[in-house]
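> Quick one, what's the 3D model for this:
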Amino acid sequence: MLQRILLVALLLSALGVGVVSAQDGITVTWWTEVNSMPSNVQEVFVDAFNAAHPDITLELIGQESLNETLRTAVQAGEAPDLLQTPGASFIAEFVDAGLVEPLEDAAAELGWSDKLLDWAYQSGQLGGVLYSIPLTYESLVLFYNKTVFDDNGWSPPTNIDEFNGIAAAAEDIGIFPLAYGNATWQPSNEHLMGMYLNAFAGRENVYKALVGEIPWTDESIAGATDLLRGHIADNGWFSGSLENYFANGGDDWRVELASGDAAMVLSGTWNFRSIGGFFEEVGQEWDWAPIPPMSDMAGEYGYELATGSTVSVNAQSPNVDAAIKVLDFLISDPALVLQLAANVGFGEWVVPVHFAPEDFPEGTDGRVSRFFADFAAVTGAGRIGYTTWTFWPADPNVHLWEAVENVWWGDISVEEYLEEHERLWQIERDAGNVLPVPAPAMGGY
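The predicted model follows:
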């Protein structure tokens, strides 16, 4: 049978007749994290792209453990056309291995620097060349129980004195000033470290440390580290004690905040996706505010920059041009992006493009749209901070959130911790493994 098929093909070829394959056209494959995939992504994005590009078929495939699955596939030469990784720091190792297609020329031709937020475009560059596009962005804010705040006549804190005042008032009425925990995700430690570094040392000093203009042992960095140590270990502000912090999982601290057992939480905007349900169960109300500056070194509040996932083009793909068309389709339509993001509570798939108020779907929670509007205005003015998982190389990043527990337990000093952190950073600098860092507007947080 196979010989007959080959013979027919040869005859048709000799007569100049083309043979149509069973799958006509190009198929572009993209693996994504199944747990964060919008339920409307097929209809809103995939089907829309395929309808607009009849010669290309996009296949978006959910994976349970994307990072591990992708690494295995890359090593076997069986990776998809589009490579999705957990963040900018992860893509660097694929770039070093020559596995990622440079996107600088395509970006220039298609105007991506105008379509993406400036900091987001810069975050995807290595050595001045664009290699990745953020699939989602996030930041860190202060969530609070609005019902508790209203009942006690409190307003969201705008500086360290007001923050300390609310913490003291919360303890006076028998609730935790803050809730949090790392039992289900140990790197939650870096959320807190990053917030305190930016809000205490200020964006200027964090930027200088990132680019090597000051060491990580600088007094501004040490002061931020010690302030968090005092709040979490000495004061027991986070869920009552350091022991409770280590025992709390994600649902535990959300319940503490929603039930009024805690006044505030310092965490990420990915909580927009889930926090409302906890409050609805108990009939209370939540809100958010910017993280208040925590020292005289900090000026006006800012927002820390973070990419939650990135997408790149597989340099080994036979469909590079088609894969680039997929990315361009996504980042060229802000309303489409927001339809996808709204489906997952604006906690995932928030591609950092320029949004206008009319782009938001009808019925969008005003608290959420208020964040994105303020984020765009504030970061556009250069009042930016830096999340650890976006701007720290891998080894210093792990050290930051893992070894800080020894500081909190009192096993090592702040100075010893930061000396080791500086040593690890120096190794990365010597190896050329530092990541692109957009410069802030100088003068505080």
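> What is the top helix by length along the chain packed up against?
With DSSP state H setting the assignment, residue counts place helix 414-431 as the longest helix in the chain. Helix 414-431 sits against helix 219-229, helix 394-408, with contacts defined as 3 or more Cβ pairs under 8 Å, 6 or more residues apart in numbering; DSSP states H and E. Placement of C-beta: from N, CA and C, glycine included.
> Okay, helices next: where are they in the stretch 301-445 of the chain?
Counting by DSSP state H, counting those that start in this stretch, the segments of the stretch 301-445 of the chain that form helices are 320-331, 334-343, 366-380, 388-391, 394-408, 414-431.
> can you list those in a markdown table and add distance to residue 264?
As requested, the helices of the stretch 301-445 of the chain are arranged in a markdown table below (distance: least, Cβ to Cβ, whole Å):
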| stretch | distance to residue 264 |
| --- | --- |
| helix 320-331 | 35 |
| helix 334-343 | 25 |
| helix 366-380 | 15 |
| helix 388-391 | 21 |
| helix 394-408 | 19 |
| helix 414-431 | 24 |
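> Go through those and name the closest to residue 110.
helix 320-331 (5.1 Å; Cβ to Cβ).
> Any idea how far that closest one is from the middle of the chain?
On the basis of Cα atoms, centre = their mean, to the nearest Å, the separation between the geometric centre of helix 320-331 and that of its chain is 21 Å.
> Can you name the residues in contact with it?
With Cβ atoms under 8 Å, 6 or more residues apart in numbering as the test, helix 320-331 has contacts from 26, 28, 30, 45, 48-49, 52-53, 56, 58, 81-82, 101, 103, 106, 110, 112, 115-116, 133, 311, 313-314, 317, 336-337, 351, 353.
> In strands, which of those residues appear?
Using DSSP state E, the subset of those located in strands is 26, 28, 30, 56, 58, 82, 133, 311, 313.
> Mind picking the two most distant members of those?
Farthest apart among the ones in strands among the contacts of helix 320-331 by Cβ to Cβ are 26 and 133. That separation is 20.0 Å.
> Between those two, which has more neighbouring residues?
Neighbours were counted for residue 26 and for residue 133 using other Cβ atoms under 10 Å; residue 133 has more, 28 against 17.
> Settle this for me: that one is touching residue 312, isn't it.
Yes: under the contact definition of Cβ atoms under 8 Å, residue 133 touches residue 312, with a separation of 7.5 Å.
> Show me the common contact partners of the two, please.
Taking Cβ under 8 Å, 6+ apart as the criterion, residue 133 and residue 312 both touch residue 103.
> my guess is residue 145 contacts residue 256, does it?
No: the pair formed by residue 145 and residue 256 falls short of the contact definition of Cβ under 8 Å, at 9.4 Å.
> For those two, list the residues in contact with both.
residue 262.
> filter the contacts of helix 320-331 to the buried ones?
When these are checked for burial by 16 or more other Cβ atoms under 10 Å, the buried set is 26, 28, 30, 45, 48-49, 53, 56, 58, 81-82, 101, 103, 106, 110, 112, 115-116, 133, 311, 313-314, 317, 336-337, 351, 353.
> distance of residue 143 from residue 45?
Distance from residue 143 to residue 45, counting by Cβ to Cβ, to the nearest Å: 29 Å.
> Now do the closest residue to residue 255 other than its chain neighbours against residue 68, distance only.
When the adjacent residues along the chain are set aside, residue 255 lies closest to residue 278, with 6.1 Å between them (Cβ to Cβ, 6 or more residues apart in numbering). Counting by Cβ to Cβ, the separation of residue 278 from residue 68 is 30 Å.
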